[in-house]
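In: build me a model from this:
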Amino acid sequence: MSTTKEYLSFLSEQLSSLDEISFRPMMGEYLIYYRGKTAAYVCDDRLLVRPTPSEVKLLPDAEYDSMTAGGRKKLLRVDNKEILTELFTAMYDELPQRGKTK
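Out: Purely as a prediction, here's the structure:
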C-alpha cells in the first residue's frame, strides 16, 4: 500500500501553521522537510517522525514503527495539529542538516 492523496492532504492541513513545510516524493512515498531539514517520512499512510530528545520529552508514551524491517524506529501517527506544531518546532534544532544523517 502506498500513501494516498487524502492522507497527504490531511497532513498538509495538520502542518499548515508551520512555515517552510514541504513534501517531496521519495521512492513512491514522501519526505517532509521543515525549514530545509528532513523532519519526517510518510509511508503507507503513516507519519514517521525522526526521534529526537524533544520528541521523547513531549510524547513519552508514543508508539513507534519503522519503514522497513530492522530499520530505525520512528514515531508513528501523531494526528493532532497542536501537538504536531509543537513537536516540529521543538525538534527543529535537533534535526541533522539536509543530506546528513546520524
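In: give the burial count for the spatially closest residue to residue 19 that is not a sequence neighbour, as a bare number.
Out: Once flanking residues are discounted, residue 19 sits nearest to residue 35: 7.3 Å by CB to CB, 6 or more residues apart in numbering. C-beta coordinates here come from the backbone N, C-alpha and C atoms, glycine included. Using other CB atoms under 10 Å, residue 35 has 15 other residues around it.
In: which residues touch residue 35?
Out: 19-20, 92 (CB atoms under 8 Å, 6 or more residues apart in numbering).
In: and if you look at residue 30?
Out: Residue 30 neighbours (CB under 8 Å, 6+ apart): 3, 8, 23-24, 41-43.
In: quick one: buried ones out of the contacts of residue 35?
Out: With burial judged by 16 or more other CB atoms under 10 Å, the buried subset of the contacts of residue 35 is residue 92.
In: take the contacts of residue 35 and keep only those in helices.
Out: Here DSSP state H is the test, and those give no hits in helices at all.
In: closest one to residue 56 out of the contacts of residue 35, please.
Out: Ranked by distance to residue 56 (CB to CB), the contacts of residue 35 are led by residue 92 at 15.3 Å.
In: would you confirm that that closest one contacts residue 40?
Out: No. Contact criterion CB atoms under 8 Å: residue 92 and residue 40 do not qualify, at 12.0 Å.
In: I'd say residue 37 and residue 95 touch.
Out: Yes. Counting by CB under 8 Å, residue 37 does reach residue 95; the two are 4.1 Å apart.
In: follow-up on the earlier one: need phi/psi at the residue nearest to residue 19.
Out: Note on residue 35: its backbone torsions stand at phi 50, psi 40 [degrees, to the nearest 10].
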